[in-house]
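Peer 1: give me coordinates for this.
(2 chains)
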Amino acid sequence: MSKPLKQIHLAAHFPGVNNTTVWSDPEAGSHIEFSSFAHFARTAERAKFDFLFLAEGLRLREQGGKIYDLDVVGRPDTFTVLAALAAVTEHLGLTGTINSTFNEPYEVARQFASLDHLSGGRSAWNVVTSWDAFTGENFRRGGFLPQEERYSRAKEFLATAGELFDSWRGDEILADQADGTFLRDAKAGSFVHSGRHFDIEGQFDVPRSPQGRPVIFQAGDSDEGREFAASSADAIFSRYATLQDGQAFYTDVKNRLAAYGRRHDQLLILPAATFVLGDTDAEAEELAKEVRRQQVSGATAIKHLEFVWNRDLSSYDPDGSLPDVDPDVGEDHIARGRAQVRMYRDPLATAREWRELAAANNWSIRDLIIETGNRQSFIGSPATVAKTINDFVQADASDGFILVPHITPGGLDGFADKVVPLLQEQGVFRTEYEGPTLRDHLGLAHPDDARDERVAS
Amino acid sequence: MSTTPSSPLHLAVALDGTGWHPASWRDPVARPRDLFTAGYWADLVAEAERGLLDFVTFEDGLGLQSTHRLQPDGRTDQVRGRLDAVLLAARIAPLTRHIGLVPTTVVTHTEPFHISKAIATLDYVSTGRAGLRVRVTARPNEAAHFGRRTIPRLDDYESPAAREVLTGLFDEAADYVEVVRRLWDSWEDDAEIRDTATGRFIDRDKLHYIDFEGRHFNVKGPSITPRPPQGQPLVSALAHRTVAYRLVARQADIGYVTPHDPGEAHSIVAEIRAEQEAAGRAGRPLHIFGDLVVFLDDDPAAATARRERLDALAGYPYAGDARVFTGTPAQLADLLQELRSAGLSGFRLRPAVLGHDLPAITRELVPELQRRGVFRRAYEADTLRGLLGLARPANRYAATATA
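Peer 2: This next block holds a predicted model:
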């Protein structure tokens, strides 16, 4: 007997400052004007996606001491654009990345609670951490954290925000005009939190929002990051959009839930995934190659090689062979404000491996960066892409995907028009939203119900 | 000697809860159960836009509202709880087309980097209608919500110790606004070049580190958000005494003041202008708006009766920082013209009961002012700066580069 088909969760990420975005394409629009975000959000909602996702940046990237200028630079403020998007959508979840290092729980909690009210229960928070002094230079608290403290602060930040969200039960506002009682309870919103990172008390001033708490997302692939997600998140973003890696990650993270008294369905695994659609698989393959070459120009290839070599390689020819010199393994990194440089923990080993790869395949620098970079996750005709996505989800490589088109704001349109109907025909994706809140879309319990459930069990 | 008859009078409305009278929520027209919905605020701002008002402000704070200046009051008979004003303004922006949106931000506990990009983004989502009202807080309980600093308890605002604390907070606010403004200018307008030949998305020579170093904090820059449509969104502040007048004179585009008669208006304006001169900003355009709480009815006795009824419900006679006007729209128009001739360029009206007094402003006061030829009959500009007769400022860094 076959098990029932899993329902797929789909979301859309408005890409910005990575080289995913092909800004040079004639169809590429503004990445700042609200009309772009509105278009993107409306497409996602037309396609019945679960949510839209925005990343965050708090310092412009630099390489070699200069602002990095080859990718899109600049983006709007996350909360502000999500609140505005709440006005032009009705169901779409609104997920924002907000850093737990350069913010304070009281302020972030009131922003998310406000967004939840203003969107009728559609807010979600992607909790990220940062610790670096480079970003800290933009903030009055200036300083930064020892790296080992970042999850400690993030955990306490999230727990504290949770205490603030829960400081209102939801029934305090009577607003009884006849007898003059506005608040049932003068102590509504009272909280005391005393901990290593936060020592705060008082009264939270935003009443309980439709979702009680925003949905919590987390990204981060380290062991600590996975534990953090297993303990506290409703969904986790991952980088693993291939079948085997996805399955391994999925199994690992889901298996960590039990230790926190949580069920498998209480944490969704949602990898980011790029895609290229064509009328036929062959056409899509051709197009995908072209997109990769647009994403990795010669100049971009040299800059990416510098991530590993950690030195100025501007004199090298991107169409030539890899440098003979070894990477510089000094403390300071040539690229700043960029998370992915941490992927190369052993640059000497990476350099050796890349030289071997390039030699074996006769690759130039640019070929190498194209071939080793993140490839498109799904390439093919709409039917192929729909089938692949469904196969991945049914095989427990994920619970769905966060799609990252390479063109904004129109890059999602084709997926919405051509792939989503096929998934709907197969009965694995909604044709209508089941409820008004993001928790409804994601199949997550309201935190109050979860609390009741724990109490009852 | 007085303002020329053709110079326009500017009108804004301050939105807070169900209105400025503490018992306003009990008025039958109030919608206290809708306070935390977007629809409630959208309706209010639509009404203000119908009345061609220059802008609305949204109150905010980092703690529950209180009748005490410096501590919570534990009351349950008044509106308590609020939504974040910047998010609220952003939520309304796509639903409106002309009216300016000016949220309040408490600068004592927030980050200028965050608020700079937030207001820049509000300017994008409203296509050039964003402003900001900066607010200082000396409330110890609000400081305890953040736990990063303590603020000494002030027993009054006039003792030397209190003055020192307040001067410190307002100096910090001035630095905060300076950082926000520099960040708005940290991208030149034409920094995005999309040069496919060289593969460069921006011309990084047109992005600038602001390198602000002050007594309270340092900020590096540049902003992550490109220069907003208005270049510099409007900065405003409410001011009741010299230390705040100085902030207005040094850093604001609009100051809200609370004169109770034309003589007081005249002296406040003179003080702010003197502070402007002392700061070397004498020629800079600076609007000074008078704040008034208003009860408006066709019959003055009805307005008085309404006020008395609400006072009785509140349990005390309401008297805030600003003059409370009670009367007809025509009487208010007389008063506004009189105050304007004392040097004010506009007014921020605080409706006593939003559901009643806001429509009275838009549907009765505004037509009265139009009949007198002192208020616009249609929106004449697409941006808030445009509505207020302010040019789009040059970018300070671009100016330096070409000098």
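Peer 1: pretty sure residue B:375 sits against residue B:9.
Peer 2: Yes: using CB atoms under 8 Å, residue B:375 is in contact with residue B:9, at 5.6 Å. No exception for glycine: its C-beta is placed from N, CA and C like everyone else's.
Peer 1: shared neighbours, those two?
Peer 2: residue B:369 (CB atoms under 8 Å, 6 or more residues apart in numbering or on different chains).
Peer 1: quick one: stretch B:373-388 near chain A?
Peer 2: No: if you take CB under 8 Å from any CB of the partner chain as the test, stretch B:373-388 misses chain A, and the best it gets is 14.4 Å.
Peer 1: what residues does that stretch touch?
Peer 2: Stretch B:373-388 has contacts (CB under 8 Å, 6+ apart) with B:5-6, B:8-11, B:52, B:54-55, B:98, B:100-102, B:127-131, B:229-234, B:253-254, B:287, B:337, B:346, B:366, B:369-370, B:391-392.
Peer 1: give the buried residues for that stretch.
Peer 2: B:374, B:375, B:376, B:381, B:383, B:384, B:385, B:386, B:387, B:388 (16 or more other CB atoms under 10 Å in any protein chain shown).
Peer 1: got it, and stretch A:315-333?
Peer 2: A:316, A:318, A:322, A:323, A:327, A:333.
Peer 1: partners of the longest strand anywhere in chain A, with directions?
Peer 2: Secondary structure of chain A per DSSP state E: the longest strand is strand A:268-277. Counting by DSSP bridges, the strands paired with strand A:268-277 are strand A:235-238 (parallel), strand A:378-380 (parallel), strand A:400-404 (parallel).
Peer 1: output it as CSV, restricted to C-alpha atoms.
Peer 2: Output of strand A:268-277 as CSV, limited to C-alpha atoms (Å, rounded to 0.1, in the frame of the first residue of the first chain):
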residue,chain,number,x,y,z
LEU,A,268,9.5,21.9,7.7
ILE,A,269,12.7,21.5,5.6
LEU,A,270,12.7,24.0,2.7
PRO,A,271,15.8,24.2,0.6
ALA,A,272,16.5,27.2,-1.7
ALA,A,273,16.2,26.1,-5.3
THR,A,274,16.9,27.9,-8.6
PHE,A,275,15.3,26.8,-11.8
VAL,A,276,15.4,27.3,-15.5
LEU,A,277,12.4,26.4,-17.7
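Peer 1: show the subsequent helix or strand relative to it.
Peer 2: Sequence order places helix A:281-295 as the next helix or strand after strand A:268-277, per DSSP states H and E.
Peer 1: ok, back up a step: among the contacts of stretch B:373-388, which are in strands?
Peer 2: Using DSSP E, these in strands are B:10, B:11, B:55, B:100, B:101, B:102, B:131, B:234, B:254, B:287, B:346.
Peer 1: and those residues, which is closest to chain A?
Peer 2: Relative to chain A, the closest of these is residue B:101; by CB to the nearest CB it sits at 10.7 Å.
Peer 1: for the closest one, list each beta-bridge partner.
Peer 2: residue B:56, residue B:130.
Peer 1: in this model residue B:130 seems to touch it, though I could be wrong.
Peer 2: Yes: Residue B:101 is within contact range of residue B:130, at 6.0 Å (criterion: CB under 8 Å).
Peer 1: which neighbours do those two share?
Peer 2: Joint contacts of residue B:101 and residue B:130 (CB under 8 Å, 6+ apart) are B:89, B:122, B:384.
Peer 1: okay, and which of the residues you listed map to strands?
Peer 2: Among the shared contacts of residue B:101 and residue B:130, no member is found in strands (DSSP E).
Peer 1: so can I have a markdown table of those residues showing pLDDT?
Peer 2: Listed next are the shared contacts of residue B:101 and residue B:130 as a markdown table, based on pLDDT from 0 to 100:
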| residue | pLDDT |
| --- | --- |
| B:89 | 98 |
| B:122 | 98 |
| B:384 | 98 |
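Peer 1: so what's the backbone phi/psi at residue A:256?
Peer 2: Here the main-chain torsion angles of residue A:256 (degrees, to the nearest 10) amount to phi -80, psi -10.
Peer 1: what sits against the nearest residue to it once chain neighbours are set aside?
Peer 2: In this structure, residue A:256 finds its nearest non-sequential neighbour in residue A:230, 3.7 Å apart by CB to CB, 6 or more residues apart in numbering or on different chains. Residue A:230 is in contact with A:253, A:256, A:257, A:259, A:260, A:262, A:267, counting by CB under 8 Å, 6+ apart.
Peer 1: tell me the spacing between the first one and chain B.
Peer 2: It refers to residue A:253. 31 Å (CB to the nearest CB, to the nearest Å).
Peer 1: any regions of chain A where pLDDT drops low?
Peer 2: Where chain A drops to pLDDT under 70, the residues are A:1-2, A:142-144, A:340, A:450-457.
Peer 1: domain map for it?
Peer 2: Listed by automatic domain parsing, the domain ranges of chain A are A:9-278+A:376-456, A:297-372.
Peer 1: is the shortest one in proximity to chain B?
Peer 2: To tie it back to what came earlier, the one meant is domain A:297-372. Yes: interface with chain B: domain A:297-372 contributes A:297, A:298, A:299, A:300 (CB under 8 Å from any CB).
Peer 1: tell me, how many residues neighbour the closest residue to residue B:179 other than its chain neighbours?
Peer 2: If you skip the residues right next to it in sequence, residue B:179 has residue B:112 as its closest partner in space, 3.9 Å away by CB to CB, 6+ apart. Applying other CB atoms under 10 Å in any protein chain shown, we find 27 residues neighbouring residue B:112.
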